[in-house]
Each structure stands twice: as structure tokens, then as C-alpha cells.
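Asks: Quick one: sequence and predicted model below, then my questions.
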Number of protein chains: 2
Amino acid sequence: MAKNLRLKAARAAKDMSQQTLADAVGVTRQTVNAIEMGDYNPTIRLCAAICRALGKTLDELFWEEIE
Amino acid sequence: MAKNLRLKAARAAKDMSQQTLADAVGVTRQTVNAIEMGDYNPTIRLCAAICRALGKTLDELFWEEIE
DNA sequence: GAAATTTGTAAAATATACTTGACAATGTGA
DNA sequence: TCACATTGTCAAGTATATTTTACAAATTTC
């Protein structure tokens, strides 16, 4: 799987660390890191929570770069 | 969680049964049923596969009705 | 109105998302 | 140059997504 650079960029645009974003959505830093690195396949609720935290939609951050 | 009526409608619009859609995306009928009934929290890859099978995007089928 | 298909549901098993704790590498500010 | 925050990674554990088998109620089709 490819890295999620859109997520990384959206997080950078809000000046949030992986830890800060993780806290905001209620998961661990490792989980956020793994998603950015493309290591796995998060649940849609987590994706939606991340999108809300970053002011983006699912299509903007998660559509099509998967698979 | 609320039912996913947009998914049910999109499937109906393609005249697919839960079983047919499940086969198309490589999961069981029960999984598709549970998603439509709002019983749980699928992975984003599965959501994306369902969207592709139905000619919709993540935002169209899965944005915002969760939570 | 019987037969076949579709849907909703459930319990037990398996696969995998996510956590916890930890360590090294890099960058940053004092 | 030293403390500190950030990132990437790993191994072992826990929570939960998904499967398998199965059954009954609706719905469709003839």
C-alpha cells in the first residue's frame, strides 16, 4: 500500500503532530503513523474522525489511494 | 448507529442483492447486511470496494451518517 | 399458494485493527 | 551541546471486523 501523503499534508497544514491528531481522534500515535505509512486498513469511523479533525472529507483524504 | 439507506438505495439501483454485492467485493452476505443495518464499522478498503462496485464515492455512501 | 430468493439475525471461530511499551534516528530550540 | 519533541518501527497483547453455519420471516415469481 502507498503512503497517505494527503493525510500527512492535511495534518501539517494544521500544524498537528501525529500525537496531537491521535489524541484528537482517540487512538494511539502508532495507529496514526501506520495509516500515514500505508501500513494498514483503518475502519471508516476512524477515517471519518480524522477527516473531521482535519476539516476534510473522506474523498479528499481516503478515496482512491487505497489499492 | 443508523442504517445506511444510501448504500441500500445504490445497491437497489443496480438491481443487486446483498449476496451479489458481497460476491463482487469478496465478503459474505452477512457483512454487507450488517453494514446496511448499521451494525458495525467496516474497514475503509471494504467501503471503497463497495463504492467502486456501485459506482459511487466514499462521500456519497459513507460520509457523515456514521456517528 | 407453493417454490425459490432475499433479508434479518445469532453464536462460535478466525483474521486483523488497534494498544501498550519500548527503542533508535532525526530534527529543533535554549 | 544538551534537553526535548517528532517520527518510524517492532513484538506481544486485546478488541473487534469478518467468516461460517444455520434458521425463520418476508418477498418475489410462477
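Replies: Perfect, thanks for sending it. Numbers count the residues shown, from 1 in each chain, chains lettered A, B, ... in the order given.

Asks: element containing the closest residue in space to A:Ala53 that isn't next to it in sequence, please.
Replies: Taking CB to CB, 6 or more residues apart in numbering or on different chains as the measure, A:Ala53 lies nearest to A:Ala24, with 4.5 Å between them; neighbours along the chain are not counted. (Glycine included, C-beta is placed from N, CA and C.) Per DSSP states H and E, A:Ala24 falls inside helix A:18-25.

Asks: Run a quick neighbour tally on the residue nearest to A:Ala53.
Replies: Applying other CB atoms under 10 Å in any protein chain shown, we find 16 residues neighbouring A:Ala24.

Asks: pretty sure it contacts A:Lys14?
Replies: No - shown here, A:Ala24 and A:Lys14 do not form a contact pair, counting by CB atoms under 8 Å, at 9.6 Å.

Asks: Name the residues contacting each of those two.
Replies: Residues within reach of A:Ala24 and of A:Lys14 at once, by CB atoms under 8 Å, 6 or more residues apart in numbering or on different chains: there are none.

Asks: Export only the CA atoms of stretch A:2-13, formatted as PDB.
Replies: What follows is stretch A:2-13, C-alpha atoms only, in PDB (Å, rounded to 0.1, in the frame of the first residue of the first chain):
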ATOM      1  CA  ALA A   2       1.100   3.500  -0.700                       C
ATOM      2  CA  LYS A   3       1.700   6.200   1.800                       C
ATOM      3  CA  ASN A   4      -1.100   8.600   2.500                       C
ATOM      4  CA  LEU A   5       0.600  11.900   1.700                       C
ATOM      5  CA  ARG A   6      -2.700  13.700   1.500                       C
ATOM      6  CA  LEU A   7      -3.300  12.900   5.200                       C
ATOM      7  CA  LYS A   8       0.300  13.900   6.100                       C
ATOM      8  CA  ALA A   9      -0.100  17.200   4.200                       C
ATOM      9  CA  ALA A  10      -3.500  18.000   5.800                       C
ATOM     10  CA  ARG A  11      -2.100  17.300   9.200                       C
ATOM     11  CA  ALA A  12       0.900  19.500   8.500                       C
ATOM     12  CA  ALA A  13      -1.400  22.300   7.300                       C
END
